[in-house]
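**Student:** How does the following fold in three dimensions:
(2 chains)
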Amino acid sequence: MAILRLTLSNQLDELVRINALTEFLDEEGVPPAIAQRVKLVVEELVVNVIQHAFDDGGKHSILLDVRTEPGGVTIVVEDDGKPFDPRKAPTPAAKELMEAGKRGGLGMTIIKKVVRDLDYERTEGRNRVRAFIAYSAPGR
Amino acid sequence: MNIELIVVPRTDHITHVKLVGRLDMLAMKTVDVRFHGETAARDQSTIVDLSQLEFITSLGIGMLFGCAKSLRRKNRTMVLLGCTGFVDSALRTVGVHEVIPLASTMEEALGMARDAGS
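**Tutor:** Presented below is the predicted three-dimensional model:
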């Protein structure tokens, strides 16, 4: 088991630092197809926080923790933004989004379909989202 | 290179573009406006070759949705060509294939584009 921990600021330019995941997952022997899913879920979660969690225009830290385990990879994202439970977020169908001309909403759909477990807790003013991607997950 | 948008010259009235690389949030900042200009802003059915696209996120899919919808308003169509591996899986995960036709070969893509009226 190994852990990659990053502290990101709430700026989109910080996403370039997520590239460290590629080397980490490769060194840990995570199968390429699973590694792609991990990178996808991490980007969806972090972008969602950067774009929607903060209204004050201030600088905030986002904690990212990616952990390889025998059965898969666990992703934890923590922030001190507005409460947001991804489990309760709507997951509109593609047709509905396209007809409405909306670009948002797909991220949560992707996350819910790619991960095996999705947990959320709000503690002491912080959001903590935990997602688990299993090695044995069906190729969805 | 994060993302590259290549416009393939054609003599018929079909637009053909290729996206090469990774279509993530950072790539969107560089390619979104130009992609719209090369596809939706033209009054032609469009083939988007994704065979060399390695990665796509929801924002990238949203970009495809937006341009496909703009083309549909003009009675044109967008066809996604050559999706494989992770990209194909990501697109099907959110049901893109239900709203934008996917083609395996250029011949198939051209047929779909011409059927929609180019």
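**Student:** name the helices or strands packed onto the least confident helix or strand in chain A by mean pLDDT?
**Tutor:** The helix or strand of chain A with the lowest confidence, counting by mean pLDDT, DSSP states H and E, is helix A:94-100 at a mean of 81. Under the contact definition 3 or more Cβ pairs under 8 Å, 6 or more residues apart in numbering or on different chains; DSSP states H and E, helix A:94-100 sits against helix B:58-73. Quick note: C-beta positions are derived from backbone N, CA and C, even for glycine.
**Student:** make it 10 Å
**Tutor:** Under the contact criterion of 3 or more Cβ pairs under 10 Å, 6 or more residues apart in numbering or on different chains; DSSP states H and E, helix A:94-100 touches helix A:106-114, helix B:58-73, helix B:85-93.
**Student:** In chain B, where is pLDDT below threshold?
**Tutor:** For chain B, the stretches flagged by pLDDT under 70 are B:1, B:117-118.
**Student:** now with 80?
**Tutor:** Flagging of chain B using pLDDT under 80 yields the residue ranges B:1, B:116-118.
**Student:** which residues of it fall in strands?
**Tutor:** B:3-7, B:14-23, B:45-49, B:53-56, B:78-81, B:102-103 (DSSP state E).
**Student:** Any chance of CSV for those, columns mean neighbour count and distance to chain A?
**Tutor:** Below are those laid out as CSV (neighbours: other Cβ atoms under 10 Å in any protein chain shown; distance: least, Cβ to the nearest Cβ, whole Å):
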stretch, mean neighbour count, distance to chain A
strand B:3-7, 16, 13
strand B:14-23, 21, 9
strand B:45-49, 25, 15
strand B:53-56, 23, 7
strand B:78-81, 25, 11
strand B:102-103, 19, 12
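**Student:** Adding distance to A:Arg128, write those strands out as JSON lines.
**Tutor:** Below are the strands of chain B laid out as JSON lines (distance: least, Cβ to Cβ, whole Å):
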{"stretch": "strand B:3-7", "distance to A:Arg128": "32"}
{"stretch": "strand B:14-23", "distance to A:Arg128": "28"}
{"stretch": "strand B:45-49", "distance to A:Arg128": "38"}
{"stretch": "strand B:53-56", "distance to A:Arg128": "26"}
{"stretch": "strand B:78-81", "distance to A:Arg128": "37"}
{"stretch": "strand B:102-103", "distance to A:Arg128": "38"}
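**Student:** So for A:Arg17, which of those sits nearest?
**Tutor:** strand B:14-23 (15.1 Å; Cβ to Cβ).
**Student:** Note down every partner strand of that closest one and its orientation.
**Tutor:** strand B:3-7 (antiparallel), strand B:45-49 (parallel), strand B:53-56 (parallel) (DSSP bridges).
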